[in-house]
Each structure stands twice: as C-alpha cells, then as structure tokens.
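K.L.:
Output the structure for:
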Amino acid sequence: EPVCFGAKDNQYGAFKITKSGKLKTMKLIHKSGSVRCNNSTISSEWDCTWPTYGENLMTIITDADKKAFLPNSENLLAHRREKVKYSYSLPEYRHNSTELVFPNLVNPLSVSSNKEMQEWYGQDWRNCKEEDNSDKTYVDVYTWYA
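P.N.:
You can find the predicted model right below:
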C-alpha cells in the first residue's frame, strides 16, 4: 500500500519497517499525486520547483522522533540565507523522477520489525515556509539491508 505525505501541516507519511536488521538505504517509487511549495510553481513528486531551489530535493525519511537519516542529516542544505536545513542534492534525480534512491548509509541503521518511520516534505518537516504549500504524493517504499 502506498505511503502518502503532504506538503504542510505535519502531513508526514508513516510506515512500518517489516524486517529487523541493518538498514542500508531506501528506494521510493512515485505512484500518484504531487506536492507544491507555491501556487505559482509546477507540481513535483519530490521537491519544490521554485527556481532558486534548483534541482534540490525535499523528500526526507525520519524515525518516529523526526530525526532525519535519509539522506544523512549532514548532507542537508539551507536555502539561501536560511539557517534551517531541509533540502539536498542527488544529481541523478529531478523533481519529476519516477523513483528516488537514497545513497547508502555509511553506518547502516539498526532497525526492528514494526518500527515506525516517517516520510516528510522538507519544509513541512522543519515547519518552514509551508504556509502556501499544497497537495499530497503517494509512493511505494522499499528497504535495502546490509
């Protein structure tokens, strides 16, 4: 069943890990819907298409405490002069890519079956610039283990 996440008002998509182990990365496959960071931008599967964001993506995977791990939080970027970090660059993916595969974690994350994970739109996750965001997107989530 696809996981749904929205672009504002804490509309993260919750999903459960199905197998215990050392999680290496995840792959998201877009099924339907889209998100938008502004009424005057085109919709996107993974990010904000406002020109100043360039090709940066904004789909974040966190644990149940909202701690980001995909992408690695060290790879998150702030937009312009902001201090809040909620986007990142993966050169092989764009706003309309049908899938998104995160780079492998250097230190795989120990997870247990039934552990809740959350999928967020970056601005919603950080409660930053989300007032004019809209819509929802649906994705299938696949996990890889070490």
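
K.L.:
Can you find the helix or strand of this structure with the lowest average pLDDT?
P.N.:
Across the helices and strands of the chain, mean pLDDT, DSSP states H and E gives its lowest value to strand 77-78, namely a mean of 86.

K.L.:
In terms of secondary structure, what does whichever helix or strand comes after that strand contact?
P.N.:
Secondary structure here is assigned by DSSP states H and E; on that basis, the next helix or strand after strand 77-78 toward the C-terminus is strand 85-87. Other helices and strands packing on strand 85-87, by 3 or more C-beta pairs under 8 Å, 6 or more residues apart in numbering; DSSP states H and E, are strand 77-78, helix 122-125. Placement of C-beta: from N, CA and C, glycine included.

K.L.:
The last one: how far from the chain's middle?
P.N.:
Here helix 122-125 is found 9 Å from its chain centre; the criterion is C-alpha atoms, centre = their mean, to the nearest Å.

K.L.:
Likewise for the shortest one?
P.N.:
Taking C-alpha atoms, centre = their mean, one finds strand 77-78 lying 14 Å from the centre of the chain it belongs to.

K.L.:
Spell out which strands sit alongside that strand in the sheet and which way each one runs.
P.N.:
For strand 77-78, the paired strands and their directions (DSSP bridges) read strand 85-87 (antiparallel).
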